[in-house]
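Colleague: Provided below are the primary sequence and the corresponding predicted coordinates.
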Amino acid sequence: MKKEHILVIRFSALGDVAMMVPVVWALAQQYPDIRITVLSRKFARPLFDDLAPNVNFMEADLNKEYHGVRGLNALYRRLVAKQFTKVADLHNVLRSEYLRMRFNLGRYRVEHLIKNRSQRRKLVSGKQDKRVQLPSSFENYAAVFERLGYPVDLRQFRSIFSAEGGNLNLLPAVFGPKKSFEQWIGIAPFAAHEGKVYPPRLMEQVIYRLIQAYPKGRIFLFGRGEEEEKYFQLWCAQYRQCVWVGKHCEGMYQELILMSHLNVMLSMDSANMHLASLTGVPVVSVWGATHPMAGFLGYNQNPENVIQIDLECRPCSIYGNKPCQRGDYACLQNIPPERIVDRIITIINN
């Protein structure tokens, strides 16, 4: 009898791929006799390479090698050679739909992600009575495997690392070792869209207050991009406790190791919230245009650590990519820095 081999498809974005990890881990642990191959972009490899003995990773360059219909046909032929028995499409976009169609024509067992689009539209409609908590991405992913015949229990996953965290010896000397009297606080202050970014002038106040509260602490700034470079350079020059992580770490795996040793992470509704969640670290998350009710809160995160304010116009967007209806981003501008700092202090003290 042929051994079950499940193909799991998810090409982007980083946060959504990261949310697959607890689900794929649970599947691998609860069904050790099946093989699982995750098909994604190159950036996702560190999340799955050592996740479980029966989990493999396969990367696909959709911009070059597998671009367009001809490229997808070539990718399909490569996938067929792997002798998969079932296919889980956890993306449900045009590219994965095309591959799904090919597998369906080949009489494979195929299931796909249901995105609850009508419920999402109601959530951002501006009508308060339509606002209800939607299933989390973890639940939606798990539902795909259940329809394939593999129900999973997500409650056992804690971290991609052991209880001691990742190996700090694999990081540049600037990071460790962690001293017993130090508080390590991570801050990921930016996101892909303006509607999800706490204003930098207010974030600097958060940093200043944290340094006042923990003068022997260290603040690690996560993120890569033009805005990060602009502000991290300023903050690191002004506050000796600040460390620009991307300037020293070689890649995502090293950043995950560092995250696993933090006391707390402060993040927007962004990929870093999900990455930190995979290391078992409590995350204080700041929400503006988006809302946790859409189902994108980090894995196993305490809703009490969510920082947001109630406005009639919130949420106005599922992904934060729509312009502010008011024009002032009050959902973020009106969050006082001390509220964020108080929550971080509460977590560290407990």
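Modeller: Perfect, I can see it now. Residues are numbered from 1 along each chain as shown.
Colleague: give the contact list for the closest residue to residue 280 other than its chain neighbours.
Modeller: Sequence neighbours aside, residue 159 is the residue nearest to residue 280 in space, at 3.6 Å (criterion: CB to CB, 6 or more residues apart in numbering). All C-beta spots, glycine's among them, are computed from the backbone N, C-alpha and C. Shown in contact with residue 159 (CB atoms under 8 Å, 6 or more residues apart in numbering): 165, 260, 278-280.
Colleague: most surrounded residue in those residues?
Modeller: Counting neighbours by other CB atoms under 10 Å, residue 278 comes out on top of those with 25 neighbours.
Colleague: my guess is that one contacts residue 23, does it?
Modeller: No - in this structure residue 278 lies outside contact range of residue 23 using CB atoms under 8 Å: 11.6 Å.
Colleague: ok, the nearest residue to residue 35 once chain neighbours are set aside - how many residues close by?
Modeller: The shortest distance from residue 35 to any non-neighbouring residue, by CB to CB, 6+ apart, is to residue 5 (4.3 Å). Counted with other CB under 10 Å, residues neighbouring residue 5 total 16.
Colleague: any idea of the pLDDT on residue 5?
Modeller: Residue 5 is assigned a pLDDT of 97 by the prediction.
Colleague: chain neighbours aside, what residue packs nearest to residue 151?
Modeller: residue 145 is the one closest to residue 151 (CB to CB, 6+ apart), at 7.2 Å.
Colleague: in what helix or strand does the one you found lie?
Modeller: Here residue 145, judged by DSSP states H and E, is contained in helix 137-147.
Colleague: ok, residues contacting that helix?
Modeller: Against helix 137-147 from outside (CB under 8 Å, 6+ apart): 6, 16, 19-20, 22-23, 26-27, 88-90, 111-116, 135, 151-152, 154, 295-296, 299.
Colleague: show the residue spans covered by the helices in the chain.
Modeller: Assignment of helices within the chain using DSSP state H yields the ranges 14-18, 21-30, 45-48, 68-80, 94-105, 117-123, 137-147, 200-213, 226-238, 245-248, 252-259, 271-277, 330-333, 337-349.
Colleague: wait, which of those helices is closest to residue 306?
Modeller: helix 337-349 (9.1 Å; CB to CB).
Colleague: packing partners of the closest one?
Modeller: Contact here means 3 or more CB pairs under 8 Å, 6 or more residues apart in numbering; DSSP states H and E; on that basis helix 337-349 packs against helix 200-213, strand 264-268, strand 283-286, strand 306-307.
Colleague: what sits against the residue nearest to residue 35?
Modeller: 34-37, 82-86 are the contacts of residue 5 under CB under 8 Å, 6+ apart.
Colleague: just the buried members of those residues?
Modeller: Neighbour-count burial (16 or more other CB atoms under 10 Å) is assigned, among these, to 34-37, 84, 86.
Colleague: in strands, which of the residues you listed fall?
Modeller: If you go by DSSP state E, those have 35-37, 86 in strands.
Colleague: let's have those residues in CSV, adding distance to residue 253 and pLDDT.
Modeller: Output for those, formatted as CSV (distance: CB to CB, whole Å; pLDDT from 0 to 100):
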residue, distance to residue 253, pLDDT
35, 23, 97
36, 20, 98
37, 20, 98
86, 29, 97
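Colleague: which among the residues you listed gets closest to residue 215?
Modeller: residue 36 (47.1 Å).
Colleague: among the helices and strands of this protein, which has the poorest mean pLDDT?
Modeller: Counting by mean pLDDT, DSSP states H and E, the chain has its least confident helix or strand at helix 117-123, which shows a mean of 92.
Colleague: which residues are in contact with it?
Modeller: Here helix 117-123 makes contact (CB under 8 Å, 6+ apart) with 130-132, 134, 291, 293-294, 315, 318.
Colleague: again, only this time at 7 Å
Modeller: 130-131, 134, 293-294, 315, 318 (CB atoms under 7 Å, 6 or more residues apart in numbering).
Colleague: kindly report the same for stretch 7-19.
Modeller: Under CB under 7 Å, 6+ apart, the answer for stretch 7-19 is 20, 24, 36-41, 43-44, 47, 62, 79, 84, 87-91, 95-96, 99, 137-138, 270-271, 274-275, 278, 299.
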